[in-house]
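In: I would like to see how this sequence folds:
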Amino acid sequence: MNMVNMAERWPIFSLLQKDMLHRIKLAIVYGSNGNEAIFVTKDDDVYAMGTNCSSCLGVGDAQSTTHPKKIESLCKKTIVDIAYGSGPHVVVVTESGELYSWGHNGYGQLGNGSTNVGLCPIVITTNLTGRQLTQVACGAHHTMALTSDGEVFSWGYNNCGQVGSGSTTNQPTPRKVTSSLGGRRSVHIGCGQTSSFSLMDSGDIYSWGYNGNGQLGIGNNVNQPNPCRVPTLNSIIVTQIACGYAHVLALTDEGTLYSWGANSFGQLGISNKVNAVSPVRVAPELGRFMEVSAVHYLHVSAAHSQSGFVYMWGQCRGQAVTQPLVTEFVSTDDVFATMTIPAVTCRPLKVVSPEGHSVAQSVARSFNDQDSSDVRFIVEGEAINVHKAVLKIRCEHFRSMFQQHWPEGEQAEIEITQFSYPVYRAFLEYLYTDKVTLTPEDAIGLLDLANSYCEPHLKQQCGHIIRRGIMIDNAAMLYAAAIKYEATELENFCFVFCMNHLTAVTQTEAFSSLDKQTLVSFIRKAAISGAFKY
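Out: So this is what the prediction gives:
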């Protein structure tokens, strides 16, 4: 999201002067009416503005403000994650792994051992000393935190067991969630209003707390004071979860979307308003999804498809939308800015600079500009207009090409025959923009080019694109391609995917087509990983 869009989408930011608006790099909007905001500037100062309910702005008083006030204790701390509850209370994690909290504290949700309101951020240390925190999540009045070692801590209101302590007694300080999670590594956490969720590195989901709408996904409506594994998703590898007020979205490594829980506004996206106590697949006809979004304030769901469309469903501006509705938005953030009441962020907003204000953007706009270019590549009969100076600055291959002893050095038109037009155009555009826009299928060809031209960063970007397109049918082929082009991270990712779907992958045509050396290597690696234990 750029600064102009931020002011248009989120009215509270329209109060800022342009110079301040252009300095923002991270922000959240929260509160019962979407009328409070916290933002971080590019020089790492932290500001707050809004109505300041329960002193949730963290500026040391309970006064509302239409002008941004600096949160002194957080400046220069480099915030990496931020979450808010319904009180509201606010929790942040800094780059050093510390956790700060402030705001409403009637149930001990700040984790400081008291129930007094927090006027300004205080670092929370109980049971957290020596641990590197990486993520925070908030329900209505409880809080969760995730460590770099995959441990989960929770505290606050516990009337339904949402703290996961085995009881319903409120927890005023952080407590490690050990039951069922002990020895397992969590990679992501999430909160509904009064329920909690942990996504494990195995792809399993554990849930606990209030279950009156089936939001725990365990097949019944019984509250759970200890974590329970969501059983229906057994053997399915979940990579993302998003929690609404009383419903949950889960996205698998194959881009398949599931939902469960409350559905009175159609927020499950399954064409009815009937609650679901177990996961139900959502809109298989829409193909693969890349991202899901929800927030514990609301009964709204949003998703971004691989084809580039943003969909929304649920309680959208008072209307019950019972199945995914395609929008003109470019991000799921836009759904929560314009189609929800209140308009609150579903995650911290990361802001990019506006166009036309940097050298990088000017260079990007000059790509394929026939008027200013001084060399043209012809690929499959199509012309791509570029600038020798840019190519020489950005790529060692072109630095060598445009020398006196290369015949191409003096040519105004160069024909390329070893790569396709989409691949070569994407490569040249990458040199201007640092971005790659290709389908996963074409990204394999670009990976080949990146390997040939010794472009490690480009190889990494190709790997990210290919990951989003991995499926059972092509996993073995992508694994072989990763080995061939020496893309180690992609190779490891593909191997893990194959292991998670081993029976299905080994029955595909792609697996049957593996060359002997790759097949033997895969079998040995699988054996070391314990695939053939008996």
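In: switch to C-alpha atoms for all contacts and neighbour counts from now on
Out: Noted.
In: so A412 sits against V375, correct?
Out: Yes. With contact defined as C-alpha atoms under 8 Å, A412 reaches V375; the gap is 4.7 Å.
In: more neighbours: which of those two?
Out: V375 (18 against 12; other C-alpha atoms under 10 Å).
In: the more buried one bridge partners, please.
Out: For V375, the beta-bridge assignment (DSSP bridges) gives partners V386.
In: how about the contacts made by it?
Out: N385, V386, H387, K388, Q411, A412, E413, I414 (C-alpha atoms under 8 Å, 6 or more residues apart in numbering).
In: again with K388
Out: Counting by C-alpha under 8 Å, 6+ apart, K388 has contacts D374, V375, F398, F402.
In: quick one, which of these are buried?
Out: V375, F398, F402 (16 or more other C-alpha atoms under 10 Å).
In: for the second one, what is the enclosing helix or strand?
Out: Right, the one you point to is F398. Assigned by DSSP states H and E, F398 belongs to helix 396-401.
In: packing partners of the helix or strand following that helix?
Out: Downstream of helix 396-401, the first helix or strand assigned by DSSP H and E is strand 413-416. Counting by 3 or more C-alpha pairs under 8 Å, 6 or more residues apart in numbering; DSSP states H and E, the packing neighbours recorded for strand 413-416 are strand 375-379.
In: returning to that earlier point: so how far is the helix holding F398 off the chain centroid?
Out: 36 Å (C-alpha atoms, centre = their mean, to the nearest Å).
In: list the buried residues for that helix?
Out: For helix 396-401, using 16+ other C-alpha under 10 Å, the buried residues are F398, R399, M401.
In: ok, so of the residues you listed, who is nearest F497?
Out: F398 (36.3 Å; C-alpha to C-alpha).
In: leaving out chain neighbours, which residue sits closest to the closest one?
Out: K392 (5.2 Å; C-alpha to C-alpha, 6 or more residues apart in numbering).
In: wait, what's in contact with the one you found?
Out: Going by C-alpha under 8 Å, 6+ apart, the list of residues near K392 reads F398, R399, F402.
In: I'd say W208 and V230 touch.
Out: No. With contact defined as C-alpha under 8 Å, W208 and V230 do not form a contacting pair (10.0 Å).
In: give me the more crowded residue out of those two.
Out: The neighbour comparison of W208 against V230 (other C-alpha under 10 Å) goes to W208, with 30 against 18.
In: what's the helix or strand in which F493 is found packed up against?
Out: Assigned by DSSP H and E, F493 belongs to helix 488-500. Helices and strands touching helix 488-500, by 3+ C-alpha pairs under 8 Å, 6+ apart, are helix 456-468, helix 475-484.
In: which strands and helices lie in contact with the longest one?
Out: Right, the one you point to is helix 456-468. Packing contacts for helix 456-468, counted by 3+ C-alpha pairs under 8 Å, 6+ apart, involve helix 440-452, helix 488-500.
In: gap between G182 and Q162?
Out: Distance of G182 to Q162, computed by C-alpha to C-alpha, to the nearest Å: 17 Å.
In: what's the nearest residue to Q63 once chain neighbours are set aside in contact with, if anything?
Out: Using C-alpha to C-alpha, 6+ apart and skipping the chain neighbours, the partner closest in space to Q63 is N52 (6.2 Å). Shown in contact with N52 (C-alpha under 8 Å, 6+ apart): E36, A62, Q63, S64, T65.
In: among those, which are in strands?
Out: E36, T65 (DSSP state E).
In: mind putting the contacts of N52 in JSON lines, distance to A246 and pLDDT included?
Out: Shown next, in JSON lines, are those (distance: C-alpha to C-alpha, whole Å; pLDDT from 0 to 100):
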{"residue": "E36", "distance to A246": "23", "pLDDT": "96"}
{"residue": "A62", "distance to A246": "30", "pLDDT": "95"}
{"residue": "Q63", "distance to A246": "32", "pLDDT": "96"}
{"residue": "S64", "distance to A246": "30", "pLDDT": "96"}
{"residue": "T65", "distance to A246": "32", "pLDDT": "95"}
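In: any chance of the contacts of K388 in TSV, with distance to A480 and pLDDT too?
Out: Output for the contacts of K388, formatted as TSV (distance: C-alpha to C-alpha, whole Å; pLDDT from 0 to 100):
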residue	distance to A480	pLDDT
D374	39	92
V375	36	92
F398	29	90
F402	34	83
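In: just these now: which is nearest P279?
Out: F398 (52.2 Å).
In: quick one: the strands in the stretch 51-200 of the chain?
Out: 65-70, 79-84, 89-94, 99-103, 118-123, 133-138, 142-147, 152-156, 171-176, 186-191, 195-200 (DSSP state E, counting those that start in this stretch).
In: the ones you listed: which one's closest to N221?
Out: Once these are compared by C-alpha to C-alpha, strand 195-200 is nearest, at 12.4 Å.
In: which helix or strand lies directly C-terminal to that closest one?
Out: Following strand 195-200 in sequence, per DSSP H and E, is strand 205-209.
In: pull the distance from that next one to the chain's centre.
Out: That offset, for strand 205-209, works out to 20 Å (C-alpha atoms, centre = their mean).
In: ditto for stretch 237-249
Out: 12 Å.
In: so what touches it?
Out: 188, 190-193, 195, 199, 202-205, 213, 215, 250-253, 257-263, 267-268, 291-301, 500.
In: got the angle for whatever helix or strand C228 lives in vs strand 195-200?
Out: Assigned by DSSP H and E, C228 belongs to strand 224-229. Counting by axes from the mean of the first three to the mean of the last three C-alpha atoms, to 10 degrees, strand 224-229 lies at 30 degrees to strand 195-200.
In: which elements pack onto strand 224-229?
Out: Partner elements for strand 224-229 (3+ C-alpha pairs under 8 Å, 6+ apart): strand 205-209.
In: what strands line up against the strand it packs on, and which way round?
Out: Short version: by DSSP bridges, strand 205-209 pairs with strand 195-200 (antiparallel), strand 224-229 (antiparallel).
In: buried residues, it. List them.
Out: Quick answer for strand 205-209 (16+ other C-alpha under 10 Å): I205, Y206, S207, W208, G209.
In: next, the buried residues of stretch 104-122.
Out: Applying 16+ other C-alpha under 10 Å to stretch 104-122 flags 104-115, 117-122 as buried.
In: quick one: terminal-to-terminal distance for it?
Out: 13 Å.
In: ditto for stretch 82-92
Out: 4 Å.
In: residue ranges with poor pLDDT in the protein?
Out: 1-5, 353-357, 404-405, 407-409, 533-534 (pLDDT under 70).
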